[in-house]
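Enquirer: Got a predicted structure plus its sequence, pasted below:
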Amino acid sequence: MEWLALVMFIFVCLVLLSGYPVAFSLAGTGILFALIGVQLELIHPAILKNAGSRLYGIIQNPTLIAVPFFVFMGGMLEKSKIAEKLLEGIAELFSNRPEGLAISVILVGTLLAASTGIVGATVVTMGLISLPVMLKQGYSAKLSTGIICASGTLGQIIPPSIVLVLLGDVIASANRDAGTGTSPMSVGDLFAGAILPGLILVMLYISYVIIYARFSPKSFARNGTAKTSETKTSNTVQEQTSDSRSPKSSLNSLSVVLAPMLLILMVLGSILAGVATPTEAAALGAFGAILLALFYKEFSLSRLKDVMRSTTQTSSMVFMILIGASIFSLVFRAFGGDDAIEEVLSNLPGGLATAMIVVMLTMFLLGFILDFIEIVFVVVPLTAPALLALGADPIWLGIMIAVNLQTSFLTPPFGFALFYLRGVAPETVPTRQIYRGVLPFIGIQLSLLAIMAIWPEVTTWLPHLIYG
């Protein structure tokens with residue numbers, strides 16, 4: 001029956017390439033091939049009845065309730081213009097350096113990644129706020145777009161991230177299915193494992209910017225030193241130039257940065273300390289985002305309505321894809337597809353190393369045409385049990401997948417982050433400049449993948465330290 005599983009996989013890929021909605025493509029393909037299998041007497045008709053119990057199990061999963069809370073938290077921070085205030089405050093702190101604005105964009109992207117956890121929202125927000133400011137200050141289009149795209153994709157790896165929430169749940173299930181005897185894994189483990197790689201990636205970004213400023217200062221500003229701090233509102237861009245910052249100005253800048261950081265630390269810290277589950281911490285973050293909007297006097301009922309609408313749309317998309325992927329994987333496994341994949345990966349020469357390369361490359365290429373949600377719900381459940389059975393650490397595997405998808409979303413010509421920025425960038429910025437701008441950051445992310453592959457302790461040390 002394995003041949004029918006292969007046909008089923010090829011068929012769903014063709015349907016997805018046609019542009020049909022992902023959730024209905026997965027569910028429709030699963031139901032169609034289930035009927036074919038029943039007619040050919042290859043699978044039992046009871047397989048369709050099992051779909052109902054699987055969907056009920058999804059509804060009962062408390063971890064997935066964290067998704068709408070995290071989406072709401074990010075949406076409220078975005079609609080409250082906190083990103084603009086963050087950029088203004090951090091840029092003021094680094095205004096005496098030519099590369100100060102670039103560093104500010106990376107740091108703001110990091111904070112937004114920890115707040116929203118959604119790549120598209122972060123890239124679009126940073127593109128609307130930062131790109132006009134960077135171009136006006138004299139930054140090259142290549143450098144500006146590269147920094148914004150790279151900073152926007154940090155939402156894949158910086159916790160608390162929706163990607164990590166979904167990955168944590170899927171890999172925890174795969175770990176149980178693999179039956180390797182390893183200790184259980186939770187979303188909190190994956191959050192802890194992502195902290196050190198995320199910080200390393202941010203430091204590598206900043207180090208690249210500082211070195212690049214030393215050897216190519218003309219790419220950063222028209223003047224020898226940049227004493228400019230700018231912020232773009234919805235209608236105007238205001239420029240402030242000063243030779244020195246007053247203590248009061250620095251204090252105001254720090255206060256702008258401190259409040260969102262406290263919210264992020266409160267959410268992430270409560271999870272790592274074991275005080276709250278990811279779902280409880282996400283609810284706390286959503287409530288904290290409302291308090292921040294009230295604090296900055298940006299809260300209104302119309303804004304709340306917009307955030308709730310976008311949260312409902314995003315969450316509905318996630319759960320519809322999850323339902324479709326569950327039906328697809330149920331039928332795919334009934335045909336023995338998962339056993340065939342495990343057999344192929346297990347028989348590859350080189351063991352786990354070769355199997356990881358094959359799976360990572362496959363996910364990287366699929367990242368050109370599929371969003372992370374489809375890959376997490378379809379590809380990971382089919383490949384993770386085999387990799388775990390070969391000896392892969394579940395935390396290490398989850399972080400490797402997250403960084404791999406992050407790199408895929410940044411890679412020309414099909415990277416999603418590039419399309420997001422192209423949609424909001426001015427026409428004066430050529431698409432080829434966006435493609436050229438991200439190349440150094442792709443190299444940095446590949447370097448991080450190599451570091452984690454050589455030293456898995458980068459991902460496992462902190463979870464073991466926290467949770468023993």
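Expert: On my side now, so go ahead.
Enquirer: and the strand or helix carrying His464, what's its mean pLDDT?
Expert: Element membership for His464 (DSSP states H and E) is helix 457-467. Across helix 457-467, pLDDT averages out at 89.
Enquirer: any idea which residue sits dead centre in this protein?
Expert: Nearest to the geometric centre of the chain sits Gln156, at 2.0 Å (CA atoms, centre = their mean).
Enquirer: so what pLDDT did that residue get?
Expert: pLDDT for Gln156: 82.
Enquirer: For the residue nearest to it when sequence neighbours are not counted, list the residues it contacts.
Expert: Leaving aside its sequence neighbours, Gln156 sits nearest to Gln406 (CB to CB, 6 or more residues apart in numbering; 3.8 Å). Any C-beta I mention is one placed from the backbone N, CA and C, and that applies to glycine too. Contact analysis of Gln406 by CB atoms under 8 Å, 6 or more residues apart in numbering lists 119, 153-154, 156-157, 445.
Enquirer: Find me the pLDDT at Gln406, would you?
Expert: Looking at Gln406, its pLDDT stands at 87.
Enquirer: May I have the strand or helix carrying it as CSV, with CA atoms only?
Expert: Using DSSP H and E, the element containing Gln406 is helix 394-408. Provided in CSV are the C-alpha atoms of helix 394-408 (Å, rounded to 0.1, in the frame of the first residue of the first chain):
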residue,chain,number,x,y,z
PRO,A,394,13.6,16.2,20.6
ILE,A,395,14.6,19.7,21.8
TRP,A,396,17.5,19.9,19.4
LEU,A,397,15.4,18.6,16.6
GLY,A,398,12.7,21.3,17.2
ILE,A,399,15.1,24.2,17.3
MET,A,400,16.9,22.9,14.1
ILE,A,401,13.6,22.8,12.3
ALA,A,402,12.6,26.3,13.5
VAL,A,403,15.9,27.8,12.3
ASN,A,404,15.8,25.9,9.1
LEU,A,405,12.3,27.2,8.3
GLN,A,406,13.4,30.7,9.3
THR,A,407,16.3,30.5,6.7
SER,A,408,13.9,29.1,4.1
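Enquirer: buried sites along the next helix-or-strand element following that helix?
Expert: Per DSSP H and E, the first helix or strand lying C-terminal to helix 394-408 is helix 416-424. Neighbour-count burial for helix 416-424, counted by 16 or more other CB atoms under 10 Å, picks out 416-418, 420-422, 424.
Enquirer: which outside residues touch helix 416-424?
Expert: Applying CB under 8 Å, 6+ apart, the contact partners of helix 416-424 are 119-120, 123-124, 127-128, 131, 145, 148-149, 152-153, 367, 371, 409-410, 412, 431, 434-435, 438.
Enquirer: wait, what's in contact with the residue nearest to the centre of the chain?
Expert: By CB under 8 Å, 6+ apart, the contact set of Gln156 is 113, 119, 163, 372, 402-403, 405-406, 409.
Enquirer: Reformat the residues you listed into CSV and put distance to Leu93 next to each item.
Expert: CSV is the format used below for the contacts of Gln156 (distance: CB to CB, whole Å):
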residue, distance to Leu93
Ala113, 19
Val119, 26
Val163, 29
Phe372, 33
Ala402, 29
Val403, 28
Leu405, 32
Gln406, 27
Phe409, 29
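Enquirer: Among those, show me the least confident.
Expert: Val119 (68).
Enquirer: And the helices in the stretch 301-450 of the chain, which stretches?
Expert: Applying DSSP state H, counting those that start in this stretch to the stretch 301-450 of the chain gives helices spanning 301-334, 337-346, 352-366, 372-374, 380-389, 394-408, 416-424, 431-454.
Enquirer: tell me the mean pLDDT over the last one?
Expert: Same thing as helix 431-454. Here helix 431-454 scores 92 as its mean pLDDT.
Enquirer: Please identify the buried residues of it?
Expert: Of the residues in helix 431-454, 433-438, 440-442, 444-445, 448-449, 451-452 count as buried by neighbour count, 16+ other CB under 10 Å.
Enquirer: got it, and the second one?
Expert: For helix 337-346, a neighbour-count test (16+ other CB under 10 Å) marks 337-338, 340-342, 345 as buried.
Enquirer: again with the third one
Expert: The neighbour-count check on helix 352-366 (16+ other CB under 10 Å) flags 352, 355-356, 358-360, 363-364, 366 as buried.
Enquirer: Leu48: helix or strand, and which one exactly?
Expert: helix 46-60.
Enquirer: Which pLDDT value belongs to Leu167?
Expert: If you check Leu167, the pLDDT there is 87.
Enquirer: Return the member of the buried residues of helix 416-424 nearest to Leu101.
Expert: Proximity to Leu101 was ranked across those by CB to CB; first place goes to Leu421, at 17.0 Å.
Enquirer: pLDDT score for that closest one?
Expert: For Leu421, the model assigns a pLDDT of 86.
Enquirer: Could I get the contacting residues of the closest residue to it other than its chain neighbours?
Expert: Excluding the flanking residues, the one nearest Leu421 by CB to CB, 6+ apart is Gly127, at 4.8 Å. By CB under 8 Å, 6+ apart, the residues touching Gly127 are 148, 152, 420-421, 424-425.
Enquirer: Rebuild those as a markdown table, extending it with distance to Thr314.
Expert: Below are the contacts of Gly127 laid out as a markdown table (distance: CB to CB, whole Å):
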| residue | distance to Thr314 |
| --- | --- |
| Ile148 | 22 |
| Gly152 | 16 |
| Tyr420 | 15 |
| Leu421 | 20 |
| Val424 | 19 |
| Ala425 | 23 |
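Enquirer: for those residues, which one is nearest Gly188?
Expert: Using CB to CB, the contacts of Gly127 come closest to Gly188 at Gly152, 25.2 Å.
Enquirer: wait, doesn't that closest one sit right on Leu128?
Expert: No - here Gly152 does not reach Leu128: they are 11.5 Å apart, not a contact under CB atoms under 8 Å.
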